[in-house]
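Asks: make a model of this:
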Amino acid sequence: MTSYEISPFFFPTTVAFVDDSASFLDSLALRLDSRLAFRLFNSPFSALVALNGTNSMPPMVEDFFSLYRHRGECSYAHHVVDVNIDKIHREVHNDQRFEQISVIVVDYDMPEMNGLEFCRNIKNPAVKKILLTGKADEQIAVRAFNEKIIDRFIRKQNADVMTILNSAIADLQTEYLRQIENALLKVLAVGSHMFLFDPAFAHRFNEIRKKLGIVEHYLSCMPDGILMLDMSGVSHLLIIQTEELIRGQCEIADDQAAPDGLLKQLRSGRHVPYFWKTAGNYSPVYEDWQSYLHPSTEFKGNDWYLYTIVKNPPAFDLKYVVSYADYLDRLDSETRQGVSNASRHPSC
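Replies: From the prediction side, this is the model:
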């Protein structure tokens, strides 16, 4: 994501490393970020079988859209695209979300096929490709980059190759998901989630992410906000309110004959409600309404916001969600059991 936008969803993905030298892959694995999910292949053919499998494709933006036609109108007029925000946060229930290969790092000089031939045979056009080259291959790599066969090339001889490689991987993993999100962001730009496009609030969101150790997040609604999970799957809901949303909350509560104490608290701006049983709005079912109010933080960016963070929000059924730590543990387990050579470490 950029520093001036909040992505509507983000989760870690997997990086594939392809090199015919098992010893090089062994050495590489020891120097990679411990939080990086990766699979190592010392056969380009085996890598292509895994990478071109049925589970390799990312979520499609069409999954979040539906087409609505006004009744009584011509079928070719007044088409309205509806964004199903509920489907965005439900991506957290996709047990295979971390398995998506977002970036491939491939050696150029391999006997079975060279790195460019390998890249040309990858079916998923969204996958980002980094070519590792020797000094003699640099002109070939430059041509491949200019022809958009690869996204980056890095020389193995660089003294700081791992720093360059880790930085390139992080950038390209973000770009991978951003390709899917761009159309979604364009639609959300005319909706009620304008905090996504507020640079100041995006900066505050990144501070919150770092403080809580967040590794994945998803836009949510009712109430508007962002569902966040850390490595272990511990969840937090960032609820974000504007003056307009607060007025709406107060009007609904007033219509529902809410207690004067609740109305006073809502209007004071000192608390943000989380009425999770009734889609975010007050109802007489909340006899103990005080327990549904959370201390707020005021923030001024392009707009004025109140926000609060609710740990383990009850409206989200996250008990059986696979955490990123679970996924990394599974990759390590596969390595120890020698399940395949498509693991965090080469098995042959």
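Asks: drop to CA atoms for contacts and neighbour counts, all remaining ones
Replies: OK.
Asks: next one: Phe11, what pLDDT does it get?
Replies: We note a pLDDT of 94 for Phe11 in this prediction.
Asks: how distant is stretch 195-208 from the center of its chain?
Replies: Relative to its parent chain, stretch 195-208 has a centroid offset of 16 Å by Cα atoms, centre = their mean, to the nearest Å.
Asks: just the helices in the stretch 1-150 of the chain please.
Replies: 22-31, 44-51, 85-89, 115-120, 138-146 (DSSP state H, counting those that start in this stretch).
Asks: with the stretch 201-348 of the chain instead?
Replies: So, for the stretch 201-348 of the chain - with DSSP H, counting those that start in this stretch - the helices run 243-255, 260-268, 324-337.
Asks: restricting to C-alpha, output the first one in PDB.
Replies: Yep, that's helix 243-255 we're talking about. Taking Å, rounded to 0.1, in the frame of the first residue of the first chain, the C-alpha atoms of helix 243-255 are listed here in PDB:
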ATOM      1  CA  GLU A 243     -19.500  13.600  12.300                       C
ATOM      2  CA  GLU A 244     -22.100  12.400   9.800                       C
ATOM      3  CA  LEU A 245     -22.000   8.800  11.200                       C
ATOM      4  CA  ILE A 246     -22.200  10.100  14.700                       C
ATOM      5  CA  ARG A 247     -25.300  12.100  13.900                       C
ATOM      6  CA  GLY A 248     -26.900   9.100  12.300                       C
ATOM      7  CA  GLN A 249     -26.100   7.000  15.400                       C
ATOM      8  CA  CYS A 250     -27.800   9.600  17.600                       C
ATOM      9  CA  GLU A 251     -30.800   9.900  15.400                       C
ATOM     10  CA  ILE A 252     -31.400   6.100  15.400                       C
ATOM     11  CA  ALA A 253     -30.900   5.900  19.100                       C
ATOM     12  CA  ASP A 254     -33.300   8.800  19.600                       C
ATOM     13  CA  ASP A 255     -35.900   7.100  17.400                       C
END
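Asks: how far off helix 260-268 does it point, in degrees?
Replies: Per axes from the mean of the first three to the mean of the last three Cα atoms, to 10 degrees, the angle that helix 243-255 makes with helix 260-268 is 170 degrees.
Asks: packing partners of helix 243-255?
Replies: helix 260-268 (3 or more Cα pairs under 8 Å, 6 or more residues apart in numbering; DSSP states H and E).
Asks: and the helix it packs on, what does it pack against?
Replies: Secondary-structure packing of helix 260-268 (3+ Cα pairs under 8 Å, 6+ apart): helix 243-255, strand 271-273.
Asks: could the ones you listed go into CSV alongside distance to Pro313, mean pLDDT and mean neighbour count?
Replies: Output for the helices and strands packed on helix 260-268, formatted as CSV (distance: least, Cα to Cα, whole Å; pLDDT from 0 to 100; neighbours: other Cα atoms under 10 Å):
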stretch, distance to Pro313, mean pLDDT, mean neighbour count
helix 243-255, 19, 93, 16
strand 271-273, 12, 95, 24
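Asks: want to try JSON lines for those, with distance to Lys128 as columns?
Replies: Converted to JSON lines, the helices and strands packed on helix 260-268 look like this (distance: least, Cα to Cα, whole Å):
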{"stretch": "helix 243-255", "distance to Lys128": "40"}
{"stretch": "strand 271-273", "distance to Lys128": "41"}
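Asks: closest one to Gly233 among these?
Replies: Checking the helices and strands packed on helix 260-268 against Gly233 by Cα to Cα gives strand 271-273 as the closest, at 23.9 Å.
Asks: just the residues contacting that closest one, thanks.
Replies: 239, 241, 265-266, 280, 292-296, 306-308 (Cα atoms under 8 Å, 6 or more residues apart in numbering).
Asks: what's the answer for stretch 149-159, then?
Replies: 116, 119-120, 128-135, 138, 141-142, 144-145, 161, 164-165, 168.
Asks: can you tell me which of those are buried?
Replies: Buried by 16 or more other Cα atoms under 10 Å: 116, 119, 128-134, 141, 144-145, 165, 168, out of the contacts of stretch 149-159.
Asks: tell me which of the helices of the stretch 1-150 of the chain sits nearest to Ser7.
Replies: Of the helices of the stretch 1-150 of the chain, nearest to Ser7 by Cα to Cα is helix 85-89, at 11.2 Å.
Asks: buried residues, that closest one. List them.
Replies: Buried-residue list, helix 85-89, by 16+ other Cα under 10 Å: 85, 88-89.
Asks: returning to what we had before: identify whichever of the helices of the stretch 1-150 of the chain lies nearest to Asn302.
Replies: helix 85-89 (22.9 Å).
Asks: any idea which of the contacts of strand 271-273 is least confident?
Replies: Gly280 (87).
Asks: and which of the buried residues of helix 85-89 is nearest to Ser192?
Replies: For those, the nearest to Ser192 is Ile85 (11.5 Å; Cα to Cα).
Asks: distance of that closest one relative to Ile239?
Replies: From Ile85 across to Ile239, the span is 15 Å (Cα to Cα, to the nearest Å).
Asks: got it, and Leu132?
Replies: Leu132 is 44 Å from Ile239, by Cα to Cα.
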